[in-house]
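Enquirer: Would you be able to build a 3D model of this:
(chains A and B)
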Amino acid sequence: AQTVTQSQPEMSVQEAETVTLSCTYDTSESNYYLFWYKQPPSRQMILVIRQEAYKQQNATENRFSVNFQKAAKSFSLKISDSQLGDTAMYFCAFMNSFSIYNQGGKLIFGQGTELSVKP
Amino acid sequence: DTAVSQTPKYLVTQMGNDKSIKCEQNLGHDTMYWYKQDSKKFLKIMFSYNNKELIINETVPNRFSPKSPDKAHLNLHINSLELGDSAVYFCASSQRIVVAGDTDTQYFGPGTRLTVL
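Expert: Okay, the predicted model is just below:
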């Protein structure tokens, strides 16, 4: 069974600085997808970034980028120029690619990292 | 023009009651999901429907019954509510790409906070 581990329950960063959130996962599959979701106090789950396992290039979305290390099964999120609005719970999630042999489409979440951006 | 909507946003009820949570998506997606977020904020999938057909059913008590009248709606009915059912329930949707090796991003609704007293 796949598992996702976020080893940092809480982190804080000063506004405008850079912070990296860690995520590791365990799977025997070779084709899968990884996601970072953000959950601010409003409770809404918002997609931050996604990475396809077959792509070697790390995904980037504006101030958000990932460091995807497939062999190490590591998927960290880097937030540059942190803003107060980045304060939220961040979830790393894994999804198998769809096939008739597995329950593709099922997101498996880590425990979350509570990030506080301080002024 | 909310993409994935849920009603109600808050639900407070007594133990033993039956309640429903409704979900609708206007993204044209063909796959919908229910997730449960517990008091420690851990998220876990409960069900998934693709074109009104149940495709994922995690180990969820029989008291929980999803119903999908059409591919834009996925409702969750809960019988005989228990204290442990208190949680935030999220609906999500995606466009299932029926080609082995591909998938698509899930978009979440705002969540329904269920409190069982």
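
Enquirer: Could you use CA atoms for every contact and neighbour count after this?
Expert: Fine.

Enquirer: Quick check: pLDDT value at the residue minimising distance to the centre of chain B.
Expert: By CA atoms, centre = their mean, chain B has its centre lying nearest to B:W34, at 2.5 Å. With respect to pLDDT, B:W34 has a value of 95.

Enquirer: Repeat that for B:T7.
Expert: B:T7 carries a pLDDT value of 96.

Enquirer: Ok, B:Q14 next?
Expert: 97.

Enquirer: ok, it to chain A distance?
Expert: Distance, B:Q14 to chain A, using CA to the nearest CA, to the nearest Å: 24 Å.

Enquirer: what's the neighbour count on that residue?
Expert: B:Q14 has 13 neighbouring residues, counting by other CA atoms under 10 Å in any protein chain shown.

Enquirer: Identify the residue spatially nearest to it, adjacent ones excluded.
Expert: Setting aside the residues directly before and after it, B:Q14 is nearest to B:L117 in space (CA to CA, 6 or more residues apart in numbering or on different chains), at 4.9 Å.

Enquirer: same check, this time on A:E29
Expert: Going by CA to CA, 6+ apart, A:E29 has A:N96 as its nearest residue, at 7.5 Å.

Enquirer: what does A:Q2 give?
Expert: A:T27 (5.0 Å).

Enquirer: Which phi and psi values does the one you found adopt?
Expert: phi -160, psi 160 (degrees, to the nearest 10).

Enquirer: give me the low-pLDDT residue ranges for the chain?
Expert: You didn't pick a chain, so chain A it is. A:98-104 (pLDDT under 70).

Enquirer: um, chain B though
Expert: In chain B (pLDDT under 70), the answer is B:1-2, B:97-103.

Enquirer: can you do 90?
Expert: Within chain B, the set of residues satisfying pLDDT under 90 comprises B:1-2, B:28-31, B:47-61, B:71, B:94-105.

Enquirer: any idea where the strands of it begin and end?
Expert: B:4-7, B:10-13, B:19-25, B:31-37, B:43-50, B:53-57, B:64-70, B:73-78, B:87-94, B:107-108, B:112-116 (DSSP state E).

Enquirer: between those strands, which gets nearest to A:T5?
Expert: strand B:43-50 (12.8 Å; CA to CA).

Enquirer: partners of that closest one, with directions?
Expert: strand B:31-37 (antiparallel), strand B:53-57 (antiparallel) (DSSP bridges).

Enquirer: So what touches the shortest one?
Expert: Taking CA atoms under 8 Å, 6 or more residues apart in numbering or on different chains as the criterion, the residues outside strand B:53-57 that touch it are A:103, A:106, B:46-49, B:68.

Enquirer: Can you give me the neighbour number for the nearest residue to A:E61 once chain neighbours are set aside?
Expert: If the residues on either side of it in the chain are set aside, A:E61 comes closest to A:I49, at 6.6 Å by CA to CA, 6+ apart. When neighbours are defined as other CA under 10 Å, A:I49 has 20 of them.
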